[in-house]
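Engineer: Sequence and predicted structure are below.
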Amino acid sequence: MPKNLNSDITKLITKYLSIREHSKLELKNKLSQKGHDLDNIRDCIDEFSSKDIQSDIRFTEEFIRSKLKKNKGPRLISSELVLRGITDSIINKKISEISYQEWCKVAFLALKKKLNGSSISIEDKDKIYSFLISRGFEHKMIKYAIDEQKDEC
């Protein structure tokens, strides 16, 4: 019976990973919700990981790329990765691979998009700061975005 159970777990992991990259924690949570034994889940996930079929590093890279496209900042991305079970060392390494200038550019794009579709004006700094802080940007990045937006106006 455990062999069939592991076979079921293996099939599910394969299915999930064929759709998109998943962190180990995401896989563990999905499989445990289906009622599978945690020890069997860990064994199967570890096997996929050892064969580099599942990778928290690849998951992190893909996750960061998708969040950058949605104009999210490093703080928000980091906190979301922590919730998905990614280690601080992987998060810090992958976040730091993106230049400070790139983060500033993303903050500017988020602000530009917000101002074009909103009644908020560039003079309403409190609302702009709140918006960009909620998007996960640091104060220096926000200042850069506001300065760039003023220059563009």
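Structural biologist: Sure thing, it's come through. Since the model is a prediction, treat every value here as computed from it, not as a measurement. Numbering: from 1, shown residues only.
Engineer: Show me where this protein dips below the pLDDT cut-off.
Structural biologist: 1-5, 117-120, 152-153 (pLDDT under 70).
Engineer: mind listing the helices in it by residue range?
Structural biologist: 2-19, 24-33, 38-50, 56-69, 74-83, 88-96, 100-116, 125-134, 139-152 (DSSP state H).
Engineer: then the shortest one to PDB, C-alphas only?
Structural biologist: Pointing back at helix 88-96 there. Coordinates of each C-alpha in helix 88-96 appear next as PDB, following Å, rounded to 0.1, in the frame of the first residue of the first chain:
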ATOM      1  CA  ASP A  88      16.300  33.700   3.800                       C
ATOM      2  CA  SER A  89      19.600  32.900   2.100                       C
ATOM      3  CA  ILE A  90      17.900  32.000  -1.200                       C
ATOM      4  CA  ILE A  91      15.600  35.100  -0.900                       C
ATOM      5  CA  ASN A  92      18.500  37.500  -0.200                       C
ATOM      6  CA  LYS A  93      20.600  36.100  -2.900                       C
ATOM      7  CA  LYS A  94      17.900  36.200  -5.600                       C
ATOM      8  CA  ILE A  95      16.600  39.700  -4.600                       C
ATOM      9  CA  SER A  96      20.100  41.100  -4.600                       C
END
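Engineer: That helix to helix 56-69, inter-axis angle?
Structural biologist: Put simply, helix 88-96 runs at 40 degrees to helix 56-69, going by axes from the mean of the first three to the mean of the last three C-alpha atoms, to 10 degrees.
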